[in-house]
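Trainee: One predicted model, sequence on top.
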Amino acid sequence: MKKFWIAILTLLFMGVLVVSIYQIASQMKEYSEGEESYTDLDVYVELPDPQENSSAAEETPTESGGSASAEELIQWPAVDFAALSKINSDIVGWFYIEDTDINYPVVQGSDNAYYLKHLFNGEYNSSGCIFLDSRVASNFSDRHSILYGHHMKNGTMFSGLDNFKRQDYYDSHPRALLMTPDGNYQVEFFAGYVASVEDTAWNVGFGSDAEFEAWVEDARKRSCFESDVPVAVTDRILTLSTCSYEFNNARFVLLGVLR
């Protein structure tokens, strides 16, 4: 009888092991397919050479005799939106943070669920896509727009936002670039904090300028880093939102001003 139960337990253990290996292999395959899908889109985006940007900033004089600022010398990625729209007509932009792995197309669906589990090419995949909140204007003209992206275990999508919880990382990555079919924007980050899903971080409507100012000030107070980026009541805000793991249903939100 003892040998019988040992055999049963051995079979159960082997069964659990096989299922676990299968699940891990399936997840890794899905991750790989997701990465390859976005790598395939690189042909539609020409990124600037970081070394050329750095050299230009050091060497280009201004009318006053000093060096031109980084803002004056931005070399914008060139995005072929016409070609990308043929693959997916939901495309509304391309989001890029220099010197990071965050370099993705941005889509907007009819709801905030579909692109949680679908790639840019429409294939079902847990990596999803970086997507704009369905409640706001597709041209980023609203006072507050929100981009969502998964915090993937393989470091893709919006996983890199975790780094903004450190002051030194923010200091070296104070901005992002947002390219759209209608024009380009700098996104100057001014706050980033861990929020509950019940928080006001995802409000897209404000009853007054005072309410908006209070919302911005609350974000500054809760921020993981300090920033001197000014925010006016006439500014448009872009929030990046991803999962965080400090507590159940935690999210990390990174806020920036569109310039």
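Mentor: It's in.

Trainee: and Asn121, how far is that from Asn154?
Mentor: 19 Å (CB to CB, to the nearest Å). To be clear about C-beta, it is placed using only N, CA and C from the backbone, and glycine gets the same treatment.

Trainee: What residues does Leu161 make contact with?
Mentor: Going by CB atoms under 8 Å, 6 or more residues apart in numbering, Leu161 touches 102, 149, 151, 192, 240, 242, 252, 254.

Trainee: Out of those, which comes closest to Ser223?
Mentor: When those are ranked by distance to Ser223 (CB to CB), Gly192 comes first, at 5.7 Å.

Trainee: got a list of what the closest one touches?
Mentor: By CB under 8 Å, 6+ apart, the contact set of Gly192 is 161, 164-165, 170, 223-225, 252-255.

Trainee: Just give the closest residue to the spatially most central residue of the chain, not the sequence neighbours.
Mentor: By CA atoms, centre = their mean, the mean C-alpha position of the chain lies nearest to Phe158, the distance being 4.3 Å. Distance criterion CB to CB, 6 or more residues apart in numbering; nearest residue to Phe158, sequence neighbours excluded, is Gly149 at 3.2 Å.

Trainee: Check Asp218 too.
Mentor: Closest residue in space to Asp218, ignoring its immediate chain neighbours: Thr200 at 7.6 Å, by CB to CB, 6+ apart.

Trainee: ok, which stretches of the stretch 151-259 of the chain are helices?
Mentor: Under the criterion DSSP state H, counting those that start in this stretch, the stretch 151-259 of the chain carries helices at the ranges 167-172, 209-222.

Trainee: Enumerate the positions of the last one that are buried.
Mentor: Put plainly, it is helix 209-222. For helix 209-222, burial by neighbour count (16 or more other CB atoms under 10 Å) applies to 212, 215-216, 219.

Trainee: Look at Tyr124 and say how many residues are nearby.
Mentor: The number of residues packed near Tyr124 is 9, by other CB atoms under 10 Å.

Trainee: repeat for Val233
Mentor: 12.

Trainee: what do you get for the one 4 residues further on?
Mentor: Number of residues near Ile237 (other CB under 10 Å) recorded here: 22.

Trainee: pretty sure it is in contact with Val204, am I right?
Mentor: No: using CB atoms under 8 Å, Ile237 makes no contact with Val204, being 9.9 Å away.

Trainee: who touches both of these two?
Mentor: Shared contacts of Ile237 and Val204, defined by CB under 8 Å, 6+ apart, comprise 143-145.

Trainee: before we move on, back to that, ok, the buried residues of helix 209-222 vs Asp182, which is closest?
Mentor: Of the buried residues of helix 209-222, the one sitting nearest to Asp182 (CB to CB) turns out to be Phe212, at 23.9 Å.

Trainee: which ones are touching the closest one?
Mentor: The contact partners of Phe212, by CB under 8 Å, 6+ apart, come to 143, 206, 233.

Trainee: What count of nearby residues applies to the first one?
Mentor: This means Arg143. Around Arg143 there are 17 residues (other CB under 10 Å).

Trainee: in the chain, which helix or strand is least confident?
Mentor: Within the chain, no helix or strand scores below helix 50-59, which has a mean of 52 by mean pLDDT, DSSP states H and E.

Trainee: what's in contact with stretch 79-87?
Mentor: 41, 44-45, 91, 94, 105, 120-121, 179, 181.

Trainee: swap that for stretch 246-256, please
Mentor: In this structure, residues lying in contact with stretch 246-256 by CB under 8 Å, 6+ apart are 151, 161-162, 164-165, 175-176, 187-197, 199, 201, 216, 219, 229, 237-244.

Trainee: Going through the residues you listed, which ones are buried?
Mentor: Among those, those classed as buried by 16+ other CB under 10 Å are 151, 161-162, 164-165, 175-176, 187-195, 201, 216, 219, 229, 237-244.

Trainee: quick revisit: keep only those of the contacts of stretch 246-256 that are in strands.
Mentor: Among the contacts of stretch 246-256, the members falling in strands (DSSP state E) are 175-176, 187-196, 237-243.

Trainee: Burial check on the residue nearest to Asp182 when sequence neighbours are not counted, number of neighbours?
Mentor: Setting aside the residues directly before and after it, Asp182 is nearest to Asn139 in space (CB to CB, 6+ apart), at 5.8 Å. For Asn139, the neighbour count with other CB under 10 Å is 15.

Trainee: All set, thanks.
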